[in-house]
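Colleague: output the structure for:
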Amino acid sequence: MERRLTVRRDPNAGESLSRIRLRLGSELAVLNVCDAGVLVEGVARLAPGGRVDIHVVTRTGRVLVRATVARSAVSEVRADAIRYRAALIFDQALDTRYGSG
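Modeller: I've put the predicted structure just below:
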């Protein structure tokens, strides 16, 4: 049973929302997105309950968004890197519909 209030979607590979960047520089791959938040994966370790600033490119342009880390877990362990998957909840809803950008 789906309990989410907003519909999530997987961004297309060439879409601007397929990648976001933390304010301090680490890039994160977007696994799925909705107007309320995003599920990301990357090498940055994000602590649950922590606050992050992320640069997001939407249909209306590039914006800096504050978000709360809802959950985070190790998604992959390799000899040269550890990857993490995290769910981020935006402080304010964004228009994440597909569009150029």
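
Colleague: so G25: helix, strand or coil?
Modeller: The three-state label given to G25 by DSSP: H, G, I helix; E, B strand; the rest coil is coil.

Colleague: ugh, wrong one, I meant I20
Modeller: strand.

Colleague: would you mark the buried spots in the biggest strand by length in the chain?
Modeller: The residue-count maximum for a strand in the chain (DSSP state E) belongs to strand 61-77. The neighbour-count check on strand 61-77 (16 or more other CB atoms under 10 Å) flags 65, 67, 69, 72 as buried. Using the backbone N, CA and C atoms, a C-beta is placed for each residue, glycine as well.

Colleague: over to stretch 20-31?
Modeller: Applying 16+ other CB under 10 Å to stretch 20-31 flags 20-22, 28, 30-31 as buried.

Colleague: pLDDT on stretch 67-79, on average?
Modeller: For stretch 67-79, the mean pLDDT works out to 97.

Colleague: just flag the most distant two among the buried residues of strand 61-77.
Modeller: V65 and S72 (17.5 Å; CB to CB).

Colleague: distance of L28 from D53?
Modeller: Separation of L28 from D53 (CB to CB, to the nearest Å) stands at 12 Å.

Colleague: what's the overlap in contacts for the two?
Modeller: Jointly contacting L28 and D53 under the rule CB atoms under 8 Å, 6 or more residues apart in numbering are L22.

Colleague: one step back: distance between the longest strand of the chain and the chain's centre?
Modeller: 5 Å (CA atoms, centre = their mean, to the nearest Å).

Colleague: which residues touch that strand?
Modeller: 23, 37-38, 41, 45-57, 82-92, 94, 101.

Colleague: parallel or antiparallel, list what pairs with it.
Modeller: Partners of strand 61-77 in the sheet, by DSSP bridges, are strand 51-58 (antiparallel), strand 82-90 (antiparallel).

Colleague: CA atoms of the longest one as CSV?
Modeller: Pointing back at strand 82-90 there. In CSV, the C-alpha atoms belonging to strand 82-90 read as follows (Å, rounded to 0.1, in the frame of the first residue of the first chain):
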residue,chain,number,x,y,z
ILE,A,82,31.9,3.2,0.4
ARG,A,83,28.6,4.4,-1.1
TYR,A,84,25.7,5.7,0.9
ARG,A,85,22.0,6.0,0.1
ALA,A,86,20.0,8.7,1.8
ALA,A,87,16.4,10.1,1.8
LEU,A,88,16.2,13.9,2.0
ILE,A,89,13.1,15.9,2.9
PHE,A,90,13.0,19.4,1.5
